[in-house]
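Trainee: This is a predicted model, with the sequence first.
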Amino acid sequence: MKILSAEVEATAAGPEGYPREGLPEVAFLGRSNVGKSSLLNRLVQRKKLARTSGTPGKTRLLHFYRVCRPDRTLLLVDLPGYGYARVSQQERARWRHMIEAYLGARPPLRAAVLLQDVRRDPGGEERDLVAWLHGYEIPVLVALTKLDKLRPSQRARRLRALADGLPVQADWLVPTSAQTGDGVRMLWQLLDRLL
Ligand code: GTP
Ligand code: MG
């Protein structure tokens, strides 16, 4: 996939900071540390556009990135990760509000990519999020992350288990690795169908 440019469009804590509507948007969401920022960087072929970190809770605001390809321009939105244990209840409520305020009232939002670590089983948060997004009629793709951490012999079994554990179409479940680039082309292809 040819990327002509990828740059920061806006960084926001709430609706007043969102960019002006016009371009289609794709949101990246998932548990803290699951690899949202890393996968986003892989998709746009920039190593350091979105900040990544081994410390969970790196992304605390909504980051909008404008991506230009020969055939279209769109915004990828990196959302703060949820489920990070070492923050106060109040801080967690604030994050949840920030994410839901965006997902629930953003007309340009065309699709959501829910990230799930391929080695872990999805929890209530993931299932709730999928149900909630379906309620808003926002299509949900699932990117299974960190595929490189799984031995090849374990892959098929994990993929079956994850397909059973999440209420999305099996062919909308994409195994990916931000490290090797596996699944990135497939993710673009699926997104293109939704845009
Ligand atoms: P928050 O911003 O805290 O919500 O985290 P995030 O979901 O944006 O995760 P981030 O991309 O910062 O990655 C978290 C850690 O996982 C970093 O140490 C990354 O290097 C690592 N990581 C991300 N993707 C992969 C992958 O595909 N393979 C491997 N091996 N490590 C990965
Ligand atoms: Mg991040």
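Mentor: It's in. Not measured: the values here are computed from a predicted model. Numbering: from 1, shown residues only. Ligands and ions are numbered 1, 2, ... in the order given.

Trainee: Not counting residues beside it along the chain, what's closest to the closest residue to ligand 1 within the chain?
Mentor: Ligand 1 sits closest to G81 of the chain, with a gap of 2.4 Å, by CB to the nearest ligand atom. C-beta coordinates here come from the backbone N, C-alpha and C atoms, glycine included. In space, and not counting its chain neighbours, G81 is closest to S32: 3.1 Å by CB to CB, 6 or more residues apart in numbering.

Trainee: what sits against that neighbour?
Mentor: Applying CB atoms under 8 Å, 6 or more residues apart in numbering to S32 gives the contacts 56-58, 80-84.

Trainee: Nearest to L109 among those?
Mentor: Of all the contacts of S32, L109 sits closest to P80, with 16.1 Å by CB to CB.

Trainee: The closest one: neighbouring residues, count only.
Mentor: With neighbours defined by other CB atoms under 10 Å, the count for P80 comes to 21.

Trainee: circling back to that earlier point, what sits against the residue of the chain closest to ligand 1?
Mentor: 29-34, 36, 56-59.

Trainee: who wins for neighbours among those residues?
Mentor: In terms of neighbour count, K36 stands highest of the contacts of G81 at 30 neighbours, by other CB under 10 Å.

Trainee: and the gap between that residue and ligand 2?
Mentor: 5 Å (CB to the ion, to the nearest Å).

Trainee: likewise S153?
Mentor: 30 Å.
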